[in-house]
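Undergrad: here's a sequence, model it:
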Amino acid sequence: MEAITQKLFELSDTKYRDFNAKLLPTVNKATIIGVRTPALRKLAKEITGSTEANNFMQELPHTYYDENQLHTFLISACKDYDICMEQIENFLPYIDNWATCDQLSPKILQKNPQDLLLRIQKWLASEHTYTIRFGIKMLMSFYLDTGFCHQYLAWVASVRSEEYYVKMMIAWYFATALAKQYDAAVPYLEQKKLEQWTHRKTIQKACESYRITTEQKTYLRTLR
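TA: Below is the predicted model of the structure:
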């Protein structure tokens, strides 16, 4: 067994593994070691930049879910945009669950917003569930505030997929857009530009949000 994998097994928490397995229906429970997130973060911090870590990141696909989680923290620790993006592109095809996808969010990506937008457009056109989900998540994370543009809403609304984890991310994106860019986002519901399930889920998530006013929630419910 490789040294890093051995370390992960030493950090295993059986109860946490069993709990996590219930949240990850697309992941084989036998591949979940059960390492808690703080322990993964600590290990990533300890080995970041080492030859051991670099070799580990080249050994794809990984066998264990926890290895994939560790991989996201190692990528997120990268301080060079180009290297980080190369690592992301290498890793994206191997992501097989929502948790690993959503954990991947390197702050260094904010350093080159124009290049990132080009990458996002490519990811949204992917046939891989979690590559699409990651692209939408990047738009939600970095382009709903000062970098917002109306066309980004159209990009997400144009995504069509039967995959639950894509549709849920679209709903999450639009619910967040309603909280941050209400006037721009609400026409997508008024004009029913989203697929029906996603439309209803967006309204549900928006109505659960503390960032949306009572008056706005009352109106959104009329759009169901």
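
Undergrad: check the protein for its longest helix and report it.
TA: For the chain, the helix that runs over the most residues, judged by DSSP state H, is helix 164-180.

Undergrad: other SSEs contacting that one?
TA: Based on contacts counted as 3 or more CB pairs under 8 Å, 6 or more residues apart in numbering; DSSP states H and E, the elements that helix 164-180 packs against are helix 98-103, helix 129-142, helix 150-157, helix 182-190, helix 196-208. Where C-beta positions appear, they are placed from N, C-alpha and C, glycine not excepted.

Undergrad: need those helices in a markdown table with mean pLDDT and mean neighbour count, can you?
TA: Formatted as a markdown table, these follow (pLDDT from 0 to 100; neighbours: other CB atoms under 10 Å):
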| stretch | mean pLDDT | mean neighbour count |
| --- | --- | --- |
| helix 98-103 | 97 | 20 |
| helix 129-142 | 98 | 22 |
| helix 150-157 | 98 | 16 |
| helix 182-190 | 98 | 16 |
| helix 196-208 | 97 | 18 |
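
Undergrad: out of those helices, which comes closest to residue 215?
TA: Comparing the helices and strands packed on helix 164-180 against residue 215 with CB to CB, the closest turns out to be helix 182-190 (10.7 Å).

Undergrad: contact partners of the longest helix of the chain?
TA: Residues outside helix 164-180 that contact it (CB atoms under 8 Å, 6 or more residues apart in numbering) are 26, 98, 101, 129-130, 132-133, 136-137, 139-140, 144-145, 148, 153, 156-157, 159, 161, 184-186, 188-189, 194-195, 197-198, 201-202, 204-206, 209, 211-212, 216, 220.

Undergrad: quick check: buried residues in stretch 96-116?
TA: By neighbour count, and taking 16 or more other CB atoms under 10 Å as the criterion, the buried residues in stretch 96-116 are 96-104, 106, 108-109, 116.

Undergrad: nearest to residue 42 among those residues?
TA: Using CB to CB, residue 103 is the member of these that lies nearest residue 42, at 14.9 Å.

Undergrad: mind listing what the closest one touches?
TA: Taking CB under 8 Å, 6+ apart as the definition, contacts of residue 103 comprise 69, 72, 73, 76.

Undergrad: average model confidence for stretch 3-13?
TA: Summarised as a single mean, pLDDT over stretch 3-13 is 96.

Undergrad: my bad, stretch 113-123
TA: For stretch 113-123, the per-residue pLDDT averages 97.

Undergrad: relative to residue 190, how far out is residue 76?
TA: For residue 76, the distance to residue 190 equals 37 Å [CB to CB, to the nearest Å].

Undergrad: quick revisit: return the longest helix of the chain as CSV; C-alpha atoms alone will do.
TA: What follows is the C-alpha trace of helix 164-180 in CSV, where atoms were taken according to Å, rounded to 0.1, in the frame of the first residue of the first chain:
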residue,chain,number,x,y,z
TYR,A,164,-29.8,14.6,-10.9
TYR,A,165,-26.5,16.2,-9.7
VAL,A,166,-26.4,18.5,-12.7
LYS,A,167,-30.1,19.6,-12.3
MET,A,168,-29.6,20.2,-8.6
MET,A,169,-26.6,22.4,-9.2
ILE,A,170,-28.5,24.4,-11.7
ALA,A,171,-31.2,24.9,-9.1
TRP,A,172,-28.6,25.8,-6.5
TYR,A,173,-27.0,28.3,-8.9
PHE,A,174,-30.3,30.1,-9.7
ALA,A,175,-31.4,30.1,-6.1
THR,A,176,-28.1,31.8,-5.2
ALA,A,177,-28.5,34.2,-8.2
LEU,A,178,-32.0,35.1,-6.8
ALA,A,179,-30.3,36.0,-3.5
LYS,A,180,-27.5,38.1,-5.2
